[in-house]
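Undergrad: With the input below, show me the fold.
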Amino acid sequence: MKAFMSQNATTNPSLILQAAGIPECRLLIDHAIAEHNSSGLSGQALTDEVLDRILILFGLEILKIVPGLFSTEVDARLSFDTVGTVAKARSSSPITRRKAFPATAS
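TA: Modelled structure (predicted):
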């Protein structure tokens, strides 16, 4: 990204999968898993939450390199489900905002 002087970026799942093979990126995956160890979730719900968190963590790392914005793709199964897509975005947005833009004193 630095070489191409990107202004914006996305957490495309294919690119994240490729990046996950880089040893330094494994820490982000381990962190996402550790955050959900005591969540009480299991099965597909746990997998979905961990994957969402991985995308957010990668996005936050992207923000350290790219001066613009990043977008996080939602599950392709939501492609034609507007209500589901909006619900997913709303559930992820507060987490992303809180981590990317910590509250400051007014």
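Undergrad: Please spell out which residues along the helix or strand harbouring residue 27 are buried.
TA: Element membership for residue 27, per DSSP states H and E: helix 23-35. Under the neighbour-count criterion of 16 or more other CB atoms under 10 Å, helix 23-35 has 25, 28-29, 32 buried. In this view, the C-beta of every residue, glycine as well, is placed from N, C-alpha and C.
Undergrad: List of residues touching it?
TA: 19-20, 50, 53-54, 57-58, 61 (CB atoms under 8 Å, 6 or more residues apart in numbering).
Undergrad: about what we covered before: tell me which of the buried residues of helix 23-35 is nearest to residue 70?
TA: residue 28 (14.1 Å; CB to CB).
Undergrad: Roughly how far does that closest one sit from residue 80?
TA: Residue 28 is 30 Å from residue 80, where distance means CB to CB, to the nearest Å.
Undergrad: next helix or strand past the longest helix along the chain?
TA: Assignment by DSSP state H gives helix 43-63 as the longest helix of the chain. As assigned by DSSP H and E, the chain's next helix or strand after helix 43-63 is strand 70-71.
Undergrad: Packing partners of that next one?
TA: strand 9-10, helix 43-63 (3 or more CB pairs under 8 Å, 6 or more residues apart in numbering; DSSP states H and E).
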